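**Student:** make a model of this:
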Amino acid sequence: MSDTTARRWYERAAATSYAPYQTAVLRIGLAAVWLVYLLRHWPDRAAIYGPDAAWSRAMAERGVPPEKGFSALLWWEGQAYFEVFYLLAVAAAVALLLGWRTRASSVVFVLCMLSFQHRNDYVTTAGDRLLHILALYLLFTRCAQVWSLDARRASRRGAGDRDTPGVLLWALLGALLAPLALAGLFSAGWIALLGGLWVVQGVWWWAGRARGGDGAARQVCDRIAHLVHNGALFVIGAQICLVYASAGWYKIQGTTWQNGSAVYYATHLEFLTPWPALSHALSGNALLSLVMTYGTVAIQVAFPFALMRRKVKNVLLVLMIGEHIGIWVLMGLPYFSMVMIAADAVFAPTVLLLWLDRRCGSLWDRVRPGRKAEGETAIPEQAGAPAPVP
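**Tutor:** Residues are numbered from 1 along each chain as shown. This is a model prediction of the structure:
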């Protein structure tokens, strides 16, 4: 790659944050999956993650040493602390879903999710692993440019307006982080990450205040934010491609996938057939079972290569989503399927998402016909023109 080409790619990456609608869908999808999980297990939350759970606190501490991870549920004992933390996790999921103070809520969301997963690692699945990996990547994206309360607030506030609630929230989080770090409850790596994000947020606020938000400091921050966002977006796409490619290539090496009988045997596993009659009806057709087996392998192996051709990618994307819906219904794996569908949305065509944005905007205008008359600015519809998010 020549220096001219590299510079051109750099200028494009530093000029704007790409795929604002795709990252917004990913944010909403991941938050929704975790929120559904928390609400679904609300009745039995104490038996799974509580202080008196079968997987005791001592077992969890031995299973997750500080250098491998952390769980805030292991910091203190007591039912009251557990209940408050569970409510905090629900609130963080709702805040991220709505895009409220996304930079702060996304960090709290990740910390809460990891705390539950490390409290009882034996109830996690592959979907949970992918969920927390994508949530970590999401920290470095500008996923609240559209379809969020942050974007709505930014469209209403003028440049240089003081965001007092945001400053107070930033100060509160810093006041909480400092004593927890001094108490040794975070490892050095987590202190560096969380402290760095806290400092960056403070610098961002200062740059936005300098000369009404149009100064050189804000421009530098914007370019860095674009680069980080686009880099994280690339890593998210590469992660999803790696999941599909590795799954497809491992399937090729299996005997049942080679002879076309894998789907037949999978639909006859008693613990993976919530609807036995439906599963057996589909697997009873030998041709359909063969097509589903070979089709699954072909789609997964071909998907990373299909990204080079937009039309082929869109067709395979629809097939992949259909496959995950089938796994959801036939095998009773809703959380894994929902995480994969949310991840697949990163590759959704922008035209479709813009159409959905217009349709939802038209419906909202009908519900509140006086909305624009009140001075509210519409969210930008161009992928390259994101709303400034504080």
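
**Student:** which helix or strand contains residue 202?
**Tutor:** helix 188-209 (DSSP states H and E).

**Student:** I'd like to know how many residues surround the closest residue to residue 339 other than its chain neighbours.
**Tutor:** Nearest residue to residue 339 in three dimensions, chain neighbours excluded: residue 127, at 4.5 Å (Cβ to Cβ, 6 or more residues apart in numbering). Glycine gets a C-beta too; all of them are placed from N, C-alpha and C. The number of residues packed around residue 127, counting by other Cβ atoms under 10 Å, is 18.

**Student:** again with residue 116
**Tutor:** Neighbourhood size, residue 116 [other Cβ under 10 Å]: 26.

**Student:** for it, give its distance to residue 287.
**Tutor:** 44 Å (Cβ to Cβ, to the nearest Å).

**Student:** hang on, the earlier thing: right, and the residue nearest to residue 339 touches residue 340 too?
**Tutor:** Yes: contact criterion Cβ atoms under 8 Å: residue 127 and residue 340 qualify, at 7.3 Å.

**Student:** returning to what we had before: could you point out which element follows the helix holding residue 202?
**Tutor:** helix 216-252.

**Student:** just want the angle from that next one to helix 188-209.
**Tutor:** Here the directions of helix 216-252 and helix 188-209 differ by 140 degrees (axes from the mean of the first three to the mean of the last three Cα atoms, to 10 degrees).

**Student:** next, the buried residues of the next helix or strand after helix 216-252.
**Tutor:** Counting by DSSP H and E, the next helix or strand C-terminal to helix 216-252 is helix 255-258. For helix 255-258, burial by neighbour count (16 or more other Cβ atoms under 10 Å) applies to residue 257.

**Student:** quick one: list the elements packing against helix 255-258.
**Tutor:** Contacts defined by 3 or more Cβ pairs under 8 Å, 6 or more residues apart in numbering; DSSP states H and E place helix 255-258 against helix 286-306.

**Student:** packing partners of the helix or strand following the helix it packs on?
**Tutor:** Proceeding N to C from helix 286-306, the next assigned helix or strand is helix 310-331, under DSSP H and E. Counting contacts by 3+ Cβ pairs under 8 Å, 6+ apart, helix 310-331 is packed against helix 276-283, helix 286-306, helix 334-344.

**Student:** would you map the helices across the stretch 51-200 of the chain?
**Tutor:** Remark: helices assigned in the stretch 51-200 of the chain by DSSP state H, counting those that start in this stretch are 57-63, 79-98, 102-119, 126-138, 149-156, 164-182, 188-209.

**Student:** give me the contact list for the last one.
**Tutor:** So the one you mean is helix 188-209. Contact with helix 188-209 is made by 70, 103-104, 107, 139, 160, 162-163, 166-167, 170, 173-174, 177, 181, 186, 213, 215, 217-218, 220-221, 225, 390, as judged by Cβ atoms under 8 Å, 6 or more residues apart in numbering.

**Student:** go through it and flag the buried ones.
**Tutor:** For helix 188-209, the buried set under the neighbour-count rule, 16+ other Cβ under 10 Å, comprises 190-191, 193-194, 197-198, 201, 204-205, 207-209.

**Student:** what's the answer for the fifth one, then?
**Tutor:** Neighbour-count burial for helix 149-156 flags 150-155 (criterion: 16+ other Cβ under 10 Å).

**Student:** do the same with stretch 35-55
**Tutor:** Buried-residue list, stretch 35-55, by 16+ other Cβ under 10 Å: 35, 37-38, 41, 45-46, 49-51, 53, 55.

**Student:** which one of those residues is nearest residue 362?
**Tutor:** Nearest to residue 362 among those is residue 35, at 27.1 Å by Cβ to Cβ.

**Student:** spit out the contact partners of that closest one.
**Tutor:** Residue 35 sits next to 90, 93-94, 97 when contact means Cβ under 8 Å, 6+ apart.

**Student:** those into a markdown table, with extra columns for neighbour count and pLDDT?
**Tutor:** A markdown table is the format used below for the contacts of residue 35 (neighbours: other Cβ atoms under 10 Å; pLDDT from 0 to 100):
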| residue | neighbour count | pLDDT |
| --- | --- | --- |
| 90 | 16 | 97 |
| 93 | 25 | 97 |
| 94 | 16 | 98 |
| 97 | 20 | 97 |
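
**Student:** could you dump these to JSON lines with distance to residue 283?
**Tutor:** JSON lines is the format used below for those (distance: Cβ to Cβ, whole Å):
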{"residue": "90", "distance to residue 283": "39"}
{"residue": "93", "distance to residue 283": "37"}
{"residue": "94", "distance to residue 283": "40"}
{"residue": "97", "distance to residue 283": "37"}
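
**Student:** which regions of the stretch 201-350 of the chain sit below the pLDDT cut-off?
**Tutor:** For the stretch 201-350 of the chain, applying pLDDT under 70 flags the ranges 210-214.

**Student:** so what touches stretch 39-56?
**Tutor:** Against stretch 39-56 from outside (Cβ under 8 Å, 6+ apart): 38, 57, 73, 77-79, 82, 86, 90, 116, 119-120, 122-123.

**Student:** give me that answer again for 6 Å
**Tutor:** Contact partners of stretch 39-56, identified using Cβ atoms under 6 Å, 6 or more residues apart in numbering, comprise 77, 82, 86, 116, 119-120.

**Student:** and those, which is closest to residue 144?
**Tutor:** Nearest to residue 144 among the contacts of stretch 39-56, with distances taken as Cβ to Cβ, is residue 116, at 23.7 Å.

**Student:** next one: the residue nearest to that closest one when sequence neighbours are not counted from residue 127, what distance?
**Tutor:** Of all residues not flanking residue 116 in the chain, residue 49 sits nearest, at 5.7 Å (Cβ to Cβ, 6+ apart). Taking Cβ to Cβ as the measure, residue 49 falls 17 Å from residue 127.
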